[in-house]
Each structure stands twice: as structure tokens, then as C-alpha cells.
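Engineer: Got a sequence here, can you model it:
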Amino acid sequence: MAENMFRAPIHRGMRTLDRSKFKKTASLNAARVFDNKNISKLRSALERSKDALQQDRLGSVHADPDLERAKAGKKCILLRPGVASSRNSPDDANATDGHGAQNAKPYSPTLMELVQQQLIEIVPFSLQLDYAYWTYHDIITAILPEEAQDEVPSGFSQVGHVAHLNLRDDYLPYKTLIAEILMDKNPGVKTVINKIDDVGGENEFRTFKYEVLAGPDDLNVMISEENCMFKFDYSKVYWNTRLNTEHRRLVEIFKEGEAVCDVMAGIGPFAVPAGKKGAFVWANDLNPDSYASLEDAVARNKVVNYVRPFNEDGRTFIKTASAQLAKSSHTVEVMDRVSKKDGPAAKPRVLRTLEEPKTFQHFVLNLPASALTFLPSFIGLYPAALRSQLPEDFEMPLVHVYCFSTKSDDNVAEGVQICEEIGRQLGYTKMRVGKVGVDGEGAVEIFDVADGGGFSGNLGWAIYCEDPTAVSTVELP
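Structural biologist: Residues are numbered from 1 along each chain as shown. Below is the predicted model:
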């Protein structure tokens, strides 16, 4: 009974959103409270007896249905559908529900007792519901035809004020409706777009073509991730909100004072949080718009002492950055924080001094469509002339490389295929699934980030190799 009563009105085939069509009157009964001082106690009693209305997004306490009593501030408590109403006696088991229904359920013992104590009386109540009450799912399922109910579009990525849809062809005839309802029901959304091509399919910067379905064509957004603020034009740079978990996972690996080379840094989701934790990051991106947003993020988040932005070709940058770092000299003093209780004369003290290493401990290659093809750039990364400038005991870097792959229950076949491709790129054929640093040279670790990272069938791998003329470890998260 309640399911039908609170269901949105059905309007199959609606093509232009008419919010006025979504109005409904739910005929209920209510417990009129004679003394407002008893509202809290009476509501608790009726909730315990399961007589009070318990409906999502609806409170049970409302103004009295009598206008004069309502003006005087009198309240009532809405009762669940089916609770009987009798103006005469609660003992009348044959009483109607106040709206002519002869099969209404009799009073519960709690209601009978409260009526007999003259704390309440049961009265009819007409609850007015409108478009504002129902959720996106309620409205859209009331509009879409029955045959389109199996996979109702509900998921979207929100980037700042922009909601990003990826609608299937079946739902394109309803795209404007979907967008308008979605925007209505999500106050933080001001613009709704639909992707109309594959990210990275034809554009090396991983931007995509889109159409605006609702709101202004304004994709200049501001977002927060890991206590860092990023400002960018979503139409000109790559951003995937669902990668937040993977960004956090990788940054947690980086340690204070380590050097990180982020080869495809984008706007800095790895680089900026890493800089905040005291890692030295050389962050590069080929896209001039990404580079501009990266520069802004570095300044905005006050990590200029730790993060250096570059706008170069990634394959070249792998080698040039390694050579430049070996010659670079940079230190940062880590200061303590002065609080008000320390007094106005207190000055920050130097807690420690961080010296930027001469080699990178980590490389990050987050370009899953083609990052594996960048691996040959690591061959001979430290030639003899460069090694002569480095400490004899320097450690080889860990290289985090993202790639796309198919996905199965055990990922065994995928592991073999990825190992073969990595081996082909590096000219080293002994790659195998294993534990980096434990299973010896050629061991490959698997990191499946398909769910947390948002890449369908994306796998991560790590390779261990002891050849000092190449890279010691390659990780494909």
C-alpha cells in the first residue's frame, strides 16, 4: 500500500520535462497532538509501536490539517498507511479509515491508549507530494518505457560543478530529460555533459569530445583531492575522479625526501600530494593546458619548494630529467609550526633539512594506452659517464607504469601477456609474475586497480631487474 502511495506518477514517453506533472496527494491519517509539549514523547511511542509514518525523506511531524489550529502552531504526527480512523470510538473494530475504506486496520493498543488518555485524536490528513520529493531514480523510472528499465542511467562522474555522463545509445533519445533531472536532484551540479568519443582514442592528451545536455557550457572547474586544490578546464585536460584511490595508494609509497619523476603528470594528482608530504617531484606533461594547470596547482598548494613542472616529450624527459637531477643541488628546510600559545615573539625552528637525491627513486608513467612503449627509454638510463657522478651505492628506481588489459578471475593469462610485452619493450625475456625484491630478477607484481582506479580491465605490474645499465624495477599499477 505504501509502495504505491509514495510512487511517482507514471508518465511514459515524456520527452520534455514537465515538473508540474509530478504531483500527488497521499491520503493518510494523523495523530492530532493536543499539547505540543508532548510531541517528542508521543512520536517516540508511535515509532516504537510502528504506527508513525516512516518514509524516506519525509518527517512524521507536520502542521495540523486544520488551518486555524495550524496558525496557532498546533502539530500532528503522520501515521503509516492503513492505520484506522474513527471519530467515534477506538473500540469500534468496524470503523473506516476516514476516507471510506471499510477494510481499514483497527487501532493498535498504543493508539487506543493514547486516544483514551485524550493526548491525541485520529484525523484525516492529505499529504501533498510534488516533484521536489522524488529522487532522480523515482522520476526517471516513471518516464522511461518499461523495456528501458533494466539499466536505468544512474552513474556519473562529477568533476567540480560538471556531471559527466557516458550514455548508451538506447538512452540518447532521453538524454536531455536525464540531464535535467540529474541536475535538479544534485544541487552541486550546474552543467551536465555526455561524452561522444573514447578518451585517448584519437587524442594524445586524453581529452574527449562532449555535448552539453543541461546548464552552461562552462567546464572551468575547481576540485579538492587529498587536501589539494586543482583548478582546470575539464574540456582541455585529462581528469578521472575515480582514480582517487589509486592516486592515494601510489603517493603513500613515496617517502619524504625521495625524488619522483612523474612523466605524464597531468594537472598533478600524484605530484602535488607527493610534494605536500615532502617528496621532491619533477612533474612533466606534454599537454600545454595540463602544464598550465599543473603550474597553478603547484603555486596554489604551496609546494613550489618540492614540485618542478615541465612541458616536454615524455620519452625525452625520462633521460634528460635523470641527467639533470644528477647535477642538481637543492635543499629544503622543514620548519615546525608556531602556534598562538607560543607567544608573539616565537619563531619557527628548523626541524630538519631535506636534500634532494641525485637519482629518482620513483618514475610514474600514467598513460595506460601507450605507457608500455615508453619503457625502452629506461634502457641505459645511467650510462657510465652519468654513473661516475653518482654515489657507488645508489639504488635503481622503481618505475610505475599504467596499462590497459583484459580481466579474468585469476588474471593469469593477462599476466603472461603483459610480461611478454614488457620483455619485448625492454629486450629482456625473463619476465614472470612474482614478488618484487623477493623472487629475483624478472619478477612481476600485479596491482589490479580496475575497481578503485576506474580503468576497465586495467592491471598493474612490477618488474625486478638487476642490470645497472637499465632500470631495476618497473611497476605497472
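
Engineer: make it CA atoms for all contacts and neighbour counts henceforth
Structural biologist: Will do.

Engineer: So which residues make contact with the host helix or strand of Ala142?
Structural biologist: Following DSSP states H and E, one finds Ala142 within helix 136-143. The contact list for helix 136-143, computed with Cα atoms under 8 Å, 6 or more residues apart in numbering, reads 7-14, 149, 152, 154, 178, 181-182, 185.

Engineer: Filter those residues down to the buried ones.
Structural biologist: For those, a burial check counting by 16 or more other Cα atoms under 10 Å picks out Ala8, Pro9, Ile10, His11, Ile178, Ile181, Leu182, Lys185.

Engineer: From the residues you listed, which land in helices?
Structural biologist: With DSSP state H as the criterion, helices contain Ile178, Ile181, Leu182, Lys185 from among the buried ones among the contacts of helix 136-143.

Engineer: Which residue ranges of this structure form helices?
Structural biologist: Ranges of helices within the chain are 2-5, 39-48, 67-71, 109-116, 136-143, 175-185, 244-253, 271-276, 288-300, 314-327, 384-387, 412-426, 450-453, based on DSSP H.

Engineer: Need the winner for burial among the ones you listed.
Structural biologist: Of all the helices of the chain, helix 271-276 has the most neighbours on average by mean count of other Cα atoms under 10 Å, namely a mean of 28.

Engineer: What is it packed up against?
Structural biologist: Using 3 or more Cα pairs under 8 Å, 6 or more residues apart in numbering; DSSP states H and E, the elements in contact with helix 271-276 are strand 280-284, strand 307-310.

Engineer: okay, those strands in CSV with mean pLDDT next?
Structural biologist: As requested, these are exported to CSV (pLDDT from 0 to 100):
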stretch, mean pLDDT
strand 280-284, 98
strand 307-310, 98
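
Engineer: most packed of those strands?
Structural biologist: Most buried among these, counting by mean count of other Cα under 10 Å: strand 280-284, with a mean of 29.

Engineer: next one: that one to chain centre, how far?
Structural biologist: Taking the mean of its C-alpha atoms, strand 280-284 sits 25 Å from the chain's own mean (Cα atoms, centre = their mean, to the nearest Å).

Engineer: Looking at the contacts of helix 136-143, which is nearest Val33?
Structural biologist: Of all the contacts of helix 136-143, Arg7 has the smallest distance to Val33: 28.2 Å, by Cα to Cα.

Engineer: now that closest one: how far from Leu79?
Structural biologist: In this structure, Arg7 and Leu79 are 18 Å apart, going by Cα to Cα, to the nearest Å.

Engineer: next one: Val444
Structural biologist: 63 Å.

Engineer: Equivalent analysis for Leu167, please.
Structural biologist: Per Cα to Cα, Leu167 is found 41 Å from Leu79.

Engineer: Compare neighbour counts for the two and give me the winner.
Structural biologist: Leu79 (26 against 19; other Cα atoms under 10 Å).

Engineer: Check what pLDDT that one gets.
Structural biologist: pLDDT recorded at Leu79 is 96.

Engineer: so which of the helices and strands packed on helix 271-276 comes closest to Pro376?
Structural biologist: It's strand 280-284; of the helices and strands packed on helix 271-276, that one is closest to Pro376 (Cα to Cα) at 18.1 Å.

Engineer: ok, back up a step: the helices of the chain: which one's closest to Phe205?
Structural biologist: When the helices of the chain are compared by Cα to Cα, helix 288-300 sits nearest Phe205, at 8.7 Å.

Engineer: Name the surrounding residues that touch the closest one.
Structural biologist: In contact with helix 288-300 (Cα under 8 Å, 6+ apart) are residues 229-232, 236-238, 266-268, 272, 284-285, 304, 307, 309-311.

Engineer: low pLDDT regions in the stretch 1-150 of the chain?
Structural biologist: 1-2, 84-106 (pLDDT under 70).

Engineer: Run through the strands of it in chain order.
Structural biologist: For the stretch 1-150 of the chain, the strands defined by DSSP state E, counting those that start in this stretch occupy 24-33, 61-63, 75-78, 120-129.

Engineer: Need the winner for burial among these.
Structural biologist: strand 75-78 (a mean of 26).

Engineer: Packing partners of that strand?
Structural biologist: strand 24-33, strand 61-63.

Engineer: right, and those strands - which one's nearest Ile253?
Structural biologist: strand 61-63 (52.0 Å).

Engineer: Now find how far off-centre the closest one is within its chain.
Structural biologist: With Cα atoms, centre = their mean, you get 37 Å for strand 61-63.

Engineer: about what we covered before: the helices of the chain into TSV, with extra columns for distance to Asp336?
Structural biologist: Below are the helices of the chain laid out as TSV (distance: least, Cα to Cα, whole Å):
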stretch	distance to Asp336
helix 2-5	59
helix 39-48	51
helix 67-71	60
helix 109-116	63
helix 136-143	49
helix 175-185	45
helix 244-253	22
helix 271-276	15
helix 288-300	21
helix 314-327	28
helix 384-387	36
helix 412-426	45
helix 450-453	35
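
Engineer: All good on my end, thank you.
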